[in-house]
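Novice: need coordinates for the following:
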Amino acid sequence: MEHDDATKALVAFAADLHSYLRQNITWADTKAAFIFAAASAALAFLQSKRVTRDVVTGFWEFPQTLRTATGEICLGAFVIAVGATLLAVWPRLRGDATGLIYWKAVAKFATAISFAQAVRTKNDNELATERLTHGWELASICVRKFFWVDLATRALVIGYIGTIYYAVCWL
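Specialist: Residues are numbered from 1 along each chain as shown. Predicted structure coming up:
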């Protein structure tokens, strides 16, 4: 009876972990989409106010004016934010194509029936192990995604602070 309870607990934990990690990946992608939209809108605003033109023409001047330097910081921060969001949503599964959960591994089976048969030969512990192994892959994806989302968030904040300063002083 203890073995059955332990197996049930393992299966439940593996399912919960897998669901939790998938939700975090979804959150990272949602945050990246929001940041991408916010940075793109700010870049469009700066373009409409001719800040881009002023910064590009003043880039080679020395010494640079505070206005040009502020514009460069704003534009640079927003470009970094956009780039980081694109890296955040870039597909990044690196695992070998084995197992019963990773889509490349599933696609390696010759037929749907052969895949179903492979799954049916596994007991609850083995299936939980499959899910836990894939959970580790998902966790490593979360680490990479949230690194880029965090960088994008910081760049977005710097860009907006700079844009507010630029707008108050020169627009």
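
Novice: mind saving the C-alpha coords of the helix or strand of the chain with the lowest mean pLDDT as CSV?
Specialist: Lowest mean confidence among the helices and strands of the chain (mean pLDDT, DSSP states H and E): helix 51-58, at a mean of 84. What follows is helix 51-58 as a C-alpha-only set of coordinates in CSV (Å, rounded to 0.1, in the frame of the first residue of the first chain):
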residue,chain,number,x,y,z
VAL,A,51,14.5,62.0,-32.2
THR,A,52,16.0,59.2,-34.3
ARG,A,53,17.1,61.6,-37.0
ASP,A,54,18.6,64.1,-34.5
VAL,A,55,20.4,61.3,-32.7
VAL,A,56,21.9,59.8,-35.8
THR,A,57,23.0,63.1,-37.2
GLY,A,58,24.5,64.2,-33.9
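
Novice: now what about whatever helix or strand comes next after that helix, what contacts it?
Specialist: Remark: after helix 51-58, the chain's next helix or strand is helix 66-89, criterion DSSP states H and E. Applying C-beta atoms under 8 Å, 6 or more residues apart in numbering, the contact partners of helix 66-89 are 28-29, 31-33, 35-36, 38-40, 42-43, 46, 51-52, 54-55, 58-59, 61, 64, 145-146, 148-149, 151-153, 155-156, 158-159, 162-163, 165-166, 169-170. (C-beta placed from N, C-alpha, C; glycine too.)
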